[in-house]
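[1] my questions are about this predicted structure, shown below with the sequence.
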Amino acid sequence: MKKYAFLLLSIVSLQAVYSQSQRLLGTWEGTDKENASGKVVFEEDKSALLYIEGQEIRIVEYTIDNTSSPIVIELRTVVDGQEKVLYSLAEFIDANTIKWELFPPDTKNRPEQFSESSTDNQIILRRAR
C-alpha cells in the first residue's frame, strides 16, 4: 500500500512541475521602470528568444526549477563560440503576469531571491495575446 501511495504522490508532483513549465510557454512582453521594452518567447523545445532594447538573444536551452520559490530559470546562450548561462527568477502574479528578474551575464552564483531593491533587471511581463 505504501508503494502505491508513494507512486501516486510522485505522479502528482511531476504533473505539478510539468504544469508550471507549461504555464511559462509563449510570448511575454513588458516595459521596465525606465520605459525600455523587452520580450521573451519560451518555446516547447526548451529554446527561447530574448529581446532586450532591440537586441535579439537566441537562447539555445532553458531549464526551470519549479521546486524553488521564486522559480529559477537558467538560460543558456552562445556568444562568440562560448556558452554563457544567464540566471533569472520568475514569480507568477497571476496566469498572465509574471515578475521576472534577469541577472547580468557575469553573475557567478545562481541567485535564490529577487534583488531587494527594484533594479533595472526586474520587469513585469504580461502574456502577449
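    Perfect, I can see it now. Numbering: from 1, shown residues only.
[2] flag the shaky bits of this structure, pLDDT-wise.
    For the chain, the stretches flagged by pLDDT under 70 are 1-21, 118-120.
[3] quick one, strands of it?
    Under the criterion DSSP state E, the chain contains strands at 26-31, 37-42, 48-52, 55-59, 61-65, 71-79, 82-94, 97-102, 122-127.
[4] each with direction, which strands does the longest one pair with?
    Sheet pairing of strand 82-94 (DSSP bridges) gives strand 71-79 (antiparallel), strand 97-102 (antiparallel).
[5] show me how far the first one is from its chain's centre.
    Read it as strand 71-79. 8 Å (CA atoms, centre = their mean, to the nearest Å).
[6] for it, which positions count as buried?
    Ile71, Val72, Ile73, Leu75, Arg76, Thr77 (16 or more other CB atoms under 10 Å). Every C-beta, even on glycine, is put in place using the N, C-alpha and C of the backbone.
[7] just put these in JSON lines and tack on distance to Asp32.
    Below are the buried residues of strand 71-79 laid out as JSON lines (distance: CB to CB, whole Å):
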{"residue": "Ile71", "distance to Asp32": "19"}
{"residue": "Val72", "distance to Asp32": "21"}
{"residue": "Ile73", "distance to Asp32": "17"}
{"residue": "Leu75", "distance to Asp32": "17"}
{"residue": "Arg76", "distance to Asp32": "23"}
{"residue": "Thr77", "distance to Asp32": "20"}
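[8] can you name the residues that contact the closest residue in space to Pro104 that isn't next to it in sequence?
    Distance criterion CB to CB, 6 or more residues apart in numbering; nearest residue to Pro104, sequence neighbours excluded, is Asn121 at 7.2 Å. Counting by CB atoms under 8 Å, 6 or more residues apart in numbering, Asn121 touches Glu101, Leu102, Phe103, Pro104, Ser115.
[9] what is the burial count for the third one?
    Phe103 sits with 17 neighbouring residues when counted by other CB atoms under 10 Å.
[10] please look at it and Lys84 and confirm they touch.
    No: here Phe103 does not reach Lys84: they are 11.8 Å apart, not a contact under CB atoms under 8 Å.
[11] for Asn96, list the residues it contacts.
    With CB under 8 Å, 6+ apart, Asn96 has these contacts: Arg126, Arg127.
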